[in-house]
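Visitor: below is the sequence, then the predicted model.
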Amino acid sequence: MDRKSAEFRAVFEQVHCSFDRFIRTTEPEHVRVVQRVFARLRDSGDVYRGRYEGWYCLPCETYFLEKDLLEGSCPDCKRPVTRTQTEAYFFRTSAYADRLLRAIEDRPSLIGPESRRNEVVAFIKQGLQDACISRAASEWDIPVPDDPTQTIYVWFDALVNYLTAAGYLQDAEQLAAWWPAGVQVMAKDILVRFHATIWPAMLMALGLPLPERIFAHGYWLTGDGEGERKISKSAGDLVNPLETAEELAQVSGCKTEVAVDAVRYFLLREVTFGLDGVYRTEAVMQRFNDDLANDLGNLLNRTLPLVERFTGGTVPAPGPAAGALADPIATAAERTRAALADLDLSGALTAVWQLIGAGNRFIDERAPWDLHKAGKTVELEATLYDMLDALRVVGLLVSPFMPVVAREIWAQLGLGDPAVQASWGDCTAGRLAAGGRIVRGQPIFPRIDLRRAGARAQSRRAGQAPQPQERPRVPEPEAPRTEVTTDEFARLDLRVAEVVAAARVEGKDRLLQLTLSLGEETRTVAAGIAQQFPPETLVGKRVVLVANLKPAKIGGVPSHGMILAAGESQPLAIVTLDRDCPLGSKVR
RNA sequence: GGCGGCGUAGCUCAGCUGGGUAGAGCGCGCGGUUCAUACCCGCGUAGUCGGGGGUUCAAGUCCCUCCGCCGCUACCA
């Protein structure tokens, strides 16, 4: 389980998902909260001890209802079942049916999408039974307080997890900040009975407010063959989005991180959030070219050269003629905001793309090259400013969907990290500071040659060995840039660290595994310096760590950063400090 | 079985509680442009809105029915 948890965290990072709190049901604090919740509900009478009777399959350890039996046998293993009854605790769901219906009626937006809300209402109206929330003691479930014969069903404690994470029964201030949740999102198959029925009933029983919104998302179907079907592991058509991203990166030549963002874009743009969608790699590629390369990427890459040419790369002052894009910007921001509030993620992106379209049209209409020829400097500079300013807002609006791309756009505009100052107020025309320097880089989304990509996919599908195909031409870097801006440099997080332990890595004679202390934090870093620097000579040394380097596994060692050393292909000297300073100090 | 949803241009889909010549993106056709990643801009193309019947001055939009597809129908986070 620990390994699974680590895997989940790693995937979150790889797909650029951040979180405020990652919680596991095994946390000791959670166990305490669950038991207190259970005890409280038992005291109030919402939980009572009763008897459960049903058809039991011994090998499967599962109860079945009469109607679910297959010719009187277990529907799973086909073996005979026996009429059995056990003692168990029940939650009085039945007492809350009216209140649940009223809550849904009072606030139609409580449960979404709408079709799901209908299902929930139908489910409640057919009559609620009390929910069995415990079973004969098992070692991995949480024990019922004061009753060693029973443990609490996982789904009950899983729901309570939301409260534990919000600080319930631990920190009133934290709870007030996080609860009620603005929105709870889950898969559609666990919406109806758990998240839209028992869960709100539990909250009512505890006297807690309900979430603002409970929303079920759909599934992705594969559409590779004839028709669509649910992606299933057993059918072997499991899609790994990271593999699509890798393929995208290869076939386009973009960075893997950008490709990951592109897949995120596809997933959020392609379907109405909440409904099922069809996932096809070709469709991802298509959107990559149409939306990202042609529309967004191209807008950036036709703006920057113009600025370089006509102002020498400096953001011009807007002047009185600027502001021509103020309306499209305001409209896009407002539509995006409204769509997000409504969980219409696709609609939000559509709104941003309307602004991108307006930007592309604007360049054609204004024709800055003509303004330049005509010597209309004021208009020219206003036009360039408006273009850059619009891109600035596009970066901001796009940042929740594609954080890496947004940062890249802003970097090329000579700005920092959009996430740092993201606020709706910044999505207004005219907030771009004049005088900054743009930093033109490589195209973020190199266009994919779809014919070539298609052939590649076909050979893959035919099961042939991947052809040793020449990498599609990546645009040659122009003259290597010798200058960087302070903003670019500031993206590196350099820190003072002390080597607290160093060890050789078995089977890797060049590799050392270093344990570094940053004061508060301890890190593991792999370094290819074993041949020049025996581990024992390093312990106690103060070194400089690149702390925000993307984590990687090097020779089997998970490495979170790198230390600085002099030398071209071989390390000649380690960078150390000439006097003492606190561990973790920033280096700049 | 019961309840609910879907079926709209070649493709993927918007079209709220009834009303202005049925929309978007992609594709396709024509034209323009050359700042840009053979890109962008403009114009155009097409749909008996699943079939049939009904209500109404007026219906993808309401009612009935038929066909096809899908979901929910409790103790499996």
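Guide: Thanks, I have the structure now. Residues are numbered from 1 along each chain as shown, chains lettered A, B, ... in the order given.
Visitor: going forward, measure contacts between C-alpha atoms and count neighbours the same way
Guide: Will do.
Visitor: ok, and the closest non-adjacent residue to the residue of the stretch 1-150 of chain A at minimum distance from RNA strand B?
Guide: Proximity of the stretch 1-150 of chain A to RNA strand B (C-alpha to the nearest atom of the strand) peaks at A:Leu128, 2.9 Å away. Closest residue in space to A:Leu128, ignoring its immediate chain neighbours: A:Ser94 at 4.9 Å, by C-alpha to C-alpha, 6 or more residues apart in numbering.
Visitor: mind checking the SS state of the one you found?
Guide: Reduced to three states with DSSP: H, G, I helix; E, B strand; the rest coil, the structure at A:Ser94 is helix.
Visitor: hang on, it packs against A:Gln126?
Guide: No - look at A:Ser94 against A:Gln126 with C-alpha atoms under 8 Å: they stay out of range, at 11.1 Å.
Visitor: neighbour-wise, which of these two wins?
Guide: When A:Ser94 and A:Gln126 are compared for neighbours, A:Ser94 comes out ahead with 16 against 9, by other C-alpha atoms under 10 Å.
Visitor: how about the contacts made by the residue of the stretch 1-150 of chain A closest to RNA strand B?
Guide: For A:Leu128, the set of contacting residues under the criterion of C-alpha atoms under 8 Å, 6 or more residues apart in numbering consists of A:93-94, A:97.
Visitor: and which of the residues you listed is nearest to A:Pro320?
Guide: Looking at the contacts of A:Leu128 and their distance to A:Pro320, the nearest is A:Ala97, at 62.5 Å (C-alpha to C-alpha).
Visitor: would you check that the closest one makes contact with A:Phe123?
Guide: No - contact status for A:Ala97 versus A:Phe123: not in contact, 10.0 Å apart, counting by C-alpha under 8 Å.
Visitor: neighbour count: those two, which is higher?
Guide: Between A:Ala97 and A:Phe123, counted using other C-alpha under 10 Å, the more crowded position is A:Ala97 (22 against 15).
Visitor: quick check, pLDDT for that one.
Guide: In the predicted model, A:Ala97 carries a pLDDT score of 93.
Visitor: restricting to C-alpha, output the helix or strand containing it in PDB.
Guide: Following DSSP states H and E, the helix or strand that holds A:Ala97 is helix A:97-106. Coordinates of the C-alpha atoms in helix A:97-106 are reproduced here as PDB (Å, rounded to 0.1, in the frame of the first residue of the first chain):
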ATOM      1  CA  ALA A  97     -34.900  10.700   2.700                       C
ATOM      2  CA  ASP A  98     -37.200  13.700   3.100                       C
ATOM      3  CA  ARG A  99     -34.400  16.100   4.100                       C
ATOM      4  CA  LEU A 100     -32.200  14.900   1.200                       C
ATOM      5  CA  LEU A 101     -35.000  15.500  -1.300                       C
ATOM      6  CA  ARG A 102     -35.700  18.900   0.100                       C
ATOM      7  CA  ALA A 103     -32.000  19.800   0.000                       C
ATOM      8  CA  ILE A 104     -31.800  18.800  -3.700                       C
ATOM      9  CA  GLU A 105     -34.900  20.700  -4.400                       C
ATOM     10  CA  ASP A 106     -33.800  23.800  -2.600                       C
END
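Visitor: close to RNA strand B, is the very next helix or strand once past that helix?
Guide: Counting by DSSP H and E, the next helix or strand C-terminal to helix A:97-106 is strand A:111-112. No - taking C-alpha under 7 Å from any atom of the strand as the criterion, strand A:111-112 and RNA strand B are apart, separated by no less than 12.2 Å.
Visitor: centre of the chain to strand A:111-112, how far?
Guide: Computed by C-alpha atoms, centre = their mean, to the nearest Å, the chain-centroid distance of strand A:111-112 equals 22 Å.
Visitor: can you list contacts of it?
Guide: Everything outside strand A:111-112 that qualifies as a contact, by C-alpha under 8 Å, 6+ apart, is A:104, A:117, A:196, A:213-216, A:274.
Visitor: want to throw those into JSON lines with neighbour count, secondary structure and pLDDT?
Guide: Below are those laid out as JSON lines (neighbours: other C-alpha atoms under 10 Å; DSSP: H, G, I helix; E, B strand; the rest coil; pLDDT from 0 to 100):
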{"residue": "A:Ile104", "neighbour count": "16", "secondary structure": "helix", "pLDDT": "89"}
{"residue": "A:Arg117", "neighbour count": "22", "secondary structure": "helix", "pLDDT": "87"}
{"residue": "A:Ala196", "neighbour count": "25", "secondary structure": "helix", "pLDDT": "93"}
{"residue": "A:Arg213", "neighbour count": "21", "secondary structure": "coil", "pLDDT": "91"}
{"residue": "A:Ile214", "neighbour count": "22", "secondary structure": "strand", "pLDDT": "92"}
{"residue": "A:Phe215", "neighbour count": "25", "secondary structure": "strand", "pLDDT": "91"}
{"residue": "A:Ala216", "neighbour count": "26", "secondary structure": "strand", "pLDDT": "89"}
{"residue": "A:Gly274", "neighbour count": "23", "secondary structure": "coil", "pLDDT": "86"}
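Visitor: tell me the one of those residues nearest A:Gly253?
Guide: So of the contacts of strand A:111-112, ranked by how close each gets to A:Gly253 (C-alpha to C-alpha), first place is A:Gly274, at 32.3 Å.
Visitor: grab the nearest non-local neighbour of the closest one.
Guide: Closest residue to A:Gly274 in three dimensions, ignoring its sequence neighbours and counting by C-alpha to C-alpha, 6+ apart: A:His217, at 4.0 Å.
Visitor: right, and that neighbour touches A:Phe273 too?
Guide: Yes - counting by C-alpha under 8 Å, A:His217 does reach A:Phe273; the two are 6.5 Å apart.
Visitor: what's the weakest-modelled helix or strand in chain A?
Guide: Across the helices and strands of chain A, the lowest-confidence element by mean pLDDT, DSSP states H and E is strand A:229-230, at a mean of 56.
Visitor: ok, the residue in the stretch 151-300 of chain A positioned nearest to RNA strand B - contacts?
Guide: For the stretch 151-300 of chain A, the residue closest to RNA strand B is A:Gly297, as judged by C-alpha to the nearest atom of the strand, at 3.1 Å. By C-alpha under 8 Å, 6+ apart, A:Gly297 lies in contact with A:443-445.
Visitor: filter those down to the ones close to RNA strand B.
Guide: Judged by C-alpha under 7 Å from any atom of the strand, the overlap between these and the neighbourhood of RNA strand B comprises A:443-445.
Visitor: make CSV out of those residues and add secondary structure, pLDDT and distance to A:Val378.
Guide: Compiled in CSV, the ones next to RNA strand B among the contacts of A:Gly297 are given as follows (DSSP: H, G, I helix; E, B strand; the rest coil; pLDDT from 0 to 100; distance: C-alpha to C-alpha, whole Å):
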residue, secondary structure, pLDDT, distance to A:Val378
A:Pro443, coil, 95, 29
A:Ile444, coil, 97, 30
A:Phe445, coil, 96, 32
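Visitor: turn those residues into TSV, including neighbour count.
Guide: TSV is the format used below for those (neighbours: other C-alpha atoms under 10 Å):
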residue	neighbour count
A:Pro443	17
A:Ile444	22
A:Phe445	23
